[in-house]
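> need a structure here:
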Amino acid sequence: MSGETVLTVGRLLGHREPETTIKYAHHAEAEAERAAAAMGAVLGGRQT
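Predicted coordinates for the structure are as follows:
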């Protein structure tokens, strides 16, 4: 989340509960990890 707190991001998104923001942040982290792994494979000469 680029250094912003969960509470700040949640407020900007209109979330009433921090748990809602955390749930979606978890999905974003998983997506970023998959993308990084795919890029690493391509840059390392192995395509997934």
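> my guess is Val9 meets Tyr24, correct?
No. Judged on CB atoms under 8 Å, Val9 makes no contact with Tyr24 at a distance of 9.1 Å. C-beta coordinates here come from the backbone N, C-alpha and C atoms, glycine included.
> so who does Arg11 touch?
Listed by CB atoms under 8 Å, 6 or more residues apart in numbering, Arg11 has no contact partners.
> quick one: what helix or strand has it in it?
helix 6-13 (DSSP states H and E).
> coming back round to it: so between Val9 and Tyr24, which is more surrounded?
Per other CB atoms under 10 Å, whichever of Val9 and Tyr24 has more neighbours is Val9, with 17 against 13.
> If you count neighbours, what's buried in the helix or strand harbouring Glu19?
Assigned by DSSP H and E, Glu19 belongs to helix 18-43. Buried residues in helix 18-43, defined by neighbour count with 16 or more other CB atoms under 10 Å: Thr21.
> Looking at that helix now, give me its mean pLDDT.
For helix 18-43, mean pLDDT rounds to 84.
> and it, what other elements does it pack with?
With contacts taken as 3 or more CB pairs under 8 Å, 6 or more residues apart in numbering; DSSP states H and E, helix 18-43 sits against helix 6-13.
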